[in-house]
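Colleague: sequence and computational prediction follow.
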Amino acid sequence: MRGMSEKLIAGAVLVALIAAFAYFTNPTVQERRALEQVRLKGGSERDNRPVGEIDLVRLYPDIVLRLGPTDTKTVALTFDDGPDMQYTPQVLDVLRDKGVKATFFLIGNRVEEYPDVAKRIVQEGHLVGNHTYSHPEIMKAGGELLKRELALTEQALAKIGATGSGLFRPPYGAISPNLVEEAAALGYRVAMWSVDSLDWRGLPKDMVVAKVMEMMSPGAVVLQHSSGGPGEDLSGSVQALPEIIDTLREQGYRFVRLDEMFPAVPASNPQ
């Protein structure tokens, strides 16, 4: 009886090993795993998006950046949560074809995971900002976590040739007076936005275009995403981008990076 049981166990193990081998060597599975984004530590934008934004621009006008000069028709396109191998290259293709320079707020561990895509962002003339290393819920942590997250990201950015822009965008757009002051003490300005495309909701192209255009004004800072959490669909955002660019140009807008929209405020380099 014992010999029979051992044979049954051995057979079950063999079947499991064969199944595992077939799963991980299946081309479709490998392809899917290659495209899967590095997970956001704080969860997806859908689950953690703040209900409302505290407007701290009035209290910290030289630190919290939300809307540029309103006397000229300039607009800054910004993209969060990259890089990845799926959406970021598509966004870069559109920007290249349209001759537009933008600002990308990159996550440190994704820069390490996809360095070639991150290097392409820099090489094609876009500005890079710090979006933390692991995209945590930074409001629930102390200043030491913020300092560590920003420092690790700066190290990753330095390896791909991105000099410190001194711009920090908090995960989920969650800010408070304490967070602003802690970021400023580290030499950063906090880059927010005036136009939210809501692309993180997986909206189709037409809805993304509509959201951007209905909130558009001179000096606008537009939020879109060049990556997201696993399973998030940003195809509508990518498809909307050419129309957004063309429509704004027809209306007389000029596209700028954030360092062009907001003149540099003297500050120490990010540490």
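Modeller: Now that the structure is in, tell me what you want to look at.
Colleague: please enumerate the helices of the chain.
Modeller: 2-25, 27-35, 45-48, 87-98, 108-113, 115-123, 143-159, 177-185, 205-214, 235-250, 258-261 (DSSP state H).
Colleague: weakest of these by average pLDDT?
Modeller: Among those, helix 27-35 carries the lowest mean pLDDT, a mean of 40.
Colleague: gap between L59 and R189?
Modeller: 14 Å (Cβ to Cβ, to the nearest Å). Every residue, glycine included, has its C-beta placed from N, CA and C.
Colleague: out of those two, which sits in the more crowded spot?
Modeller: Shown here are L59 and R189; by other Cβ atoms under 10 Å, R189 has more neighbours (23 against 12).
Colleague: quick check: pLDDT value at the nearest residue to the more buried one once chain neighbours are set aside.
Modeller: Leaving aside its sequence neighbours, R189 sits nearest to I63 (Cβ to Cβ, 6 or more residues apart in numbering; 5.3 Å). As summarised for this prediction, I63 has a pLDDT of 95.
Colleague: neighbours of I63, how many?
Modeller: A total of 19 residues lie near I63 under the criterion other Cβ under 10 Å.
Colleague: buried set for stretch 70-83?
Modeller: 74-83 (16 or more other Cβ atoms under 10 Å).
Colleague: residues contacting L67?
Modeller: Going by Cβ atoms under 8 Å, 6 or more residues apart in numbering, L67 touches 57, 194, 217, 219-221.
Colleague: so which of these belong to strands?
Modeller: Of the contacts of L67, the ones assigned to strands by DSSP state E are 220-221.
Colleague: among the contacts of L67, name the buried ones.
Modeller: 57, 194, 219-221.
Colleague: mind putting these into CSV with pLDDT?
Modeller: Shown next, in CSV, are the buried ones among the contacts of L67 (pLDDT from 0 to 100):
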residue, pLDDT
V57, 90
S194, 96
G219, 98
A220, 98
V221, 98
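Colleague: for those, work out which two are farthest apart.
Modeller: The largest separation in the buried ones among the contacts of L67, counting by Cβ to Cβ, is between V57 and A220 at 14.1 Å.
Colleague: circling back to that earlier point, turn the contacts of L67 into JSON lines, columns for distance to E113.
Modeller: JSON lines is the format used below for the contacts of L67 (distance: Cβ to Cβ, whole Å):
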{"residue": "V57", "distance to E113": "34"}
{"residue": "S194", "distance to E113": "31"}
{"residue": "S217", "distance to E113": "36"}
{"residue": "G219", "distance to E113": "34"}
{"residue": "A220", "distance to E113": "31"}
{"residue": "V221", "distance to E113": "27"}
